[in-house]
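> Pasted the sequence and its predicted model underneath.
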Amino acid sequence: MRPDLSKVKYVLFDWDGTLSDNRDIVVAAVGRTLDEYGLPGWEQMKHKRDDKLSLWDNFANVFGADWRPAYARYVEIYKKLIPSMVKSFPGAAEVLRLLKDDGAELMIMTNKDPQLLEIELPLLYDPALFSRITPGHEAPRDKPWPDHIFYTLRGLLSPQEINPQDVWMVGDSNQDSDCALAARALPIRVNTPLFGEKAPRSADIVWLKDFAEFYNLLAKN
């Protein structure tokens, strides 16, 4: 389905890997945490990860019984890296402004830890651009479950009213696309998929190389 700018009402954006180019921060913070706990590097440990779960939910798989203090340590390391390493993707701000100027309501819906999102967001974008921000662990269940979309749109649309013309979910991973499809929103995949390089390219997903391609698609509407 081709995105129709004249009809969309709500555009929900993922954060990590979508609006924030912060993969290097995540990799560095996870690596340092593993090292402090005397565990092998990420290349040796990533097989323990469940690709369907958020980073927070995966800490128990990687760190076992120590996952809570390990996650707290990860957050502290991550916070220190944000000012020098966080950056946005080229063209993202222009896409946000185009959507906003055309009357779409913008929202952030992410599995990101709220402490980290609170620091990163104002460094990259004006928070006033977004009418709602739903970080990780706030909805009953995070992506890929549709609860995350239902919670974010509460009071605006009921689950039964969500449709791909009115609601878009923009993300970079299978979690984002699966969540959108489960909620009957339109999944838009932008940037390089984090875990989806070998995933089949579903015809139900709008696949875009980057935000420049996204902008050009919208500008033709």
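Received, thanks. Numbers count the residues shown, from 1 in each chain.
> what residues does the lowest-mean-pLDDT helix or strand in the chain touch?
Sorted by mean pLDDT, DSSP states H and E, the helices and strands of the chain end with helix 42-45, the least confident at a mean of 80. Under the contact criterion C-beta atoms under 8 Å, 6 or more residues apart in numbering, helix 42-45 has outside partners 27, 30-31, 34, 39, 62. Any C-beta I mention is one placed from the backbone N, CA and C, and that applies to glycine too.
> List the buried residues in it.
Met45 (16 or more other C-beta atoms under 10 Å).
> CA-only coordinates of that helix, as CSV, when you get a sec.
This file holds the C-alpha atoms of helix 42-45, laid out as CSV (Å, rounded to 0.1, in the frame of the first residue of the first chain):
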residue,chain,number,x,y,z
TRP,A,42,28.8,-9.4,22.0
GLU,A,43,29.8,-11.5,19.0
GLN,A,44,30.1,-14.5,21.3
MET,A,45,27.0,-13.7,23.4
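> Nearest to Lys52 among the contacts of helix 42-45?
Of all the contacts of helix 42-45, Lys52 sits closest to Val62, with 14.8 Å by C-beta to C-beta.
> Give the full set of residues in contact with the closest one.
Neighbours of Val62 in contact, by C-beta under 8 Å, 6+ apart: 34, 39, 45, 48-49, 70.
> Report the two of the residues you listed separated the most.
Arg49 and Ala70 (14.1 Å).
> Settle it for me: which of those two has more neighbours?
The neighbour comparison of Arg49 against Ala70 (other C-beta atoms under 10 Å) goes to Ala70, with 21 against 16.
> May I see the buried residues of the helix or strand Glu76 falls within?
Per DSSP states H and E: Glu76 is located in helix 67-85. By 16+ other C-beta under 10 Å, the buried positions in helix 67-85 come out as 67, 70-71, 73-74, 77-79, 81-82, 85.
> chain center to that helix, what's the gap?
In terms of C-alpha atoms, centre = their mean, to the nearest Å, the centre of helix 67-85 is set 18 Å apart from its chain centre.
> List the contacts of that helix.
Under the criterion C-beta under 8 Å, 6+ apart, residues 22, 24-26, 28-30, 32-33, 36-37, 56, 59-60, 62-63, 113, 115-116, 119-120, 123 lie in contact with helix 67-85.
> how deep is the residue lying closest to Gln165 once chain neighbours are set aside tucked in, by neighbour count?
Spatial nearest neighbour of Gln165, excluding adjacent residues (C-beta to C-beta, 6 or more residues apart in numbering): Lys7 at 4.7 Å. Residues near Lys7, counting by other C-beta under 10 Å, number 12.
> Next, Lys7: secondary structure please.
Secondary structure for Lys7, judged by DSSP: H, G, I helix; E, B strand; the rest coil, is coil.
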